[in-house]
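[1] Just the structure for this:
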Amino acid sequence: MFSEMLKYSFMQNAFMAAVLSSILCGIIGTFVVTKRMVFISGGISHAAFGGLGLFFFLGLDPMLGAFTIALISAVILGLYSPETINSQDANIGILWSAGMAMGILFITLSTRSYTPNLMSYLFGNILMVHRENIYYLTGLTLTVVIIIFSFFKYFLSIAFDEEFARLQAVPVPFFRILLLVMTGITIVALIQMVGIILVIALLTIPTMISMLFLNDFKRILMVSVLVSVFLTFSGIALSYFLDLPTGPVIIILGAFILLTGNLIKRFYINK
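    Predicted coordinates:
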């Protein structure tokens, strides 16, 4: 089955993008879920869509706008403590909705219609990934992996207990902002390839599945990457043979496995 698909260059690119996206989302997503930053990540990603629309309206590179707004949002949110962020969930919701609204508004003002190229930033199409995207994504993945594992104990400490990390002389604000910046860059880098919706799903679903049966953080991180690879590979294969959109297939498959895992744990393992 896979050998038939791999005869096509676009499928080869899709599978390579799936592996790299899975590594990025599996690693970053484990910290995002553990630190309960899913809503914040969603806010950053949708605010980035606003920057994309604004820069397109101004005749500039849309991706540059997405990166700019994502980084600004990540730094601003990173300056707040988790307690403050949790009390500001309404503001994050406003950032989420306002970013999307602004992006759609500027795109409409620019084109008076929704162009497939721009709307792909929202929904993505992993089957349209080019080899140049693979090179860029490889560099980003290596950079994130090197940063995370070079300062792993610091990121781990702020993920679980920032107060204790401060007592251990860890520069908490710096690593909190750095984690959010890497999250923002990861989201924006994957927007055009897999779309905002699938990025959020890959940041959360594989980690949630791993957490059902594991307690050790390092194991959760590694298994999250493997689960993400399985979901993306299976989703691409199913969408190819069933002639269905790839992103929704991956998300529905992940949600189904997560639901099934919850039921198994509840009625059999915890029985």
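[2] Look through this structure and tell me its longest helix.
    Assignment by DSSP state H gives helix 172-213 as the longest helix of the chain.
[3] looking only at pLDDT, what's the mean for whichever helix or strand comes after that helix?
    Next helix or strand after helix 172-213 toward the C-terminus (DSSP states H and E): helix 217-242. In this model, helix 217-242 has a mean pLDDT of 91.
[4] right, and the helix or strand after helix 217-242?
    Heading C-terminal from helix 217-242 (DSSP H and E), you reach helix 246-264.
[5] Need the mean per-residue confidence for the longest helix of the chain.
    Helix 172-213 comes out with an average pLDDT of 86.
[6] do the same with stretch 44-62
    Mean predicted lDDT for stretch 44-62 stands at 82.
[7] Over to stretch 260-269?
    Taken as a whole, stretch 260-269 has a mean pLDDT of 81.
[8] Let me see the contact set for the residue nearest to the spatial centre of the chain.
    Nearest to the mean C-alpha position of the chain, by CA atoms, centre = their mean, lies V199 at 3.7 Å. Going by CB atoms under 8 Å, 6 or more residues apart in numbering, V199 touches C25, S45, G124, T186, I187, L190, I191. C-beta here means a position set from N, CA and C on the backbone, and glycine is covered the same way.
[9] again, 7 Å this time
    Contacts here follow CB atoms under 7 Å, 6 or more residues apart in numbering; on that basis V199 touches S45, I187, L190, I191.
[10] Correct me if wrong: V194 contacts S21.
    Yes: using CB atoms under 7 Å, V194 is in contact with S21, at 6.1 Å.
[11] Low-confidence bits of the stretch 51-200 of the chain, can you list those?
    Along the stretch 51-200 of the chain, segments meeting pLDDT under 70 span 80-91, 111-124, 192.
[12] Tell me the spacing between the residue nearest to the centre of the chain and P206.
    12 Å (CB to CB, to the nearest Å).
[13] count of neighbours near the residue lying closest to P245 once chain neighbours are set aside?
    Of all residues not flanking P245 in the chain, S239 sits nearest, at 6.4 Å (CB to CB, 6 or more residues apart in numbering). S239 has 20 neighbours, counted by other CB atoms under 10 Å.
[14] roughly how far apart are S239 and I92?
    Relative to I92, and taking CB to CB, S239 is found at 32 Å.
[15] A74 too?
    Distance of A74 to I92, given as CB to CB: 12 Å.
[16] ok, those two, which is more surrounded?
    Set side by side, A74 and I92 show more neighbours around A74, with 28 against 21, by other CB under 10 Å.
[17] Dump the helix or strand where that one lies to PDB, keeping only the CA atoms.
    If you go by DSSP H and E, A74 is part of helix 62-78. Provided in PDB are the C-alpha atoms of helix 62-78 (Å, rounded to 0.1, in the frame of the first residue of the first chain):
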ATOM      1  CA  PRO A  62       1.900  37.000   4.400                       C
ATOM      2  CA  MET A  63       4.100  34.500   6.200                       C
ATOM      3  CA  LEU A  64       6.300  37.400   7.500                       C
ATOM      4  CA  GLY A  65       3.100  38.900   9.000                       C
ATOM      5  CA  ALA A  66       2.100  35.700  10.600                       C
ATOM      6  CA  PHE A  67       5.600  35.200  12.100                       C
ATOM      7  CA  THR A  68       5.700  38.800  13.300                       C
ATOM      8  CA  ILE A  69       2.300  38.700  15.100                       C
ATOM      9  CA  ALA A  70       2.900  35.300  16.500                       C
ATOM     10  CA  LEU A  71       6.200  36.300  18.000                       C
ATOM     11  CA  ILE A  72       4.800  39.500  19.500                       C
ATOM     12  CA  SER A  73       1.800  37.600  20.900                       C
ATOM     13  CA  ALA A  74       4.100  34.900  22.400                       C
ATOM     14  CA  VAL A  75       6.400  37.500  24.000                       C
ATOM     15  CA  ILE A  76       3.500  39.500  25.500                       C
ATOM     16  CA  LEU A  77       1.800  36.400  26.900                       C
ATOM     17  CA  GLY A  78       5.100  35.000  28.100                       C
END
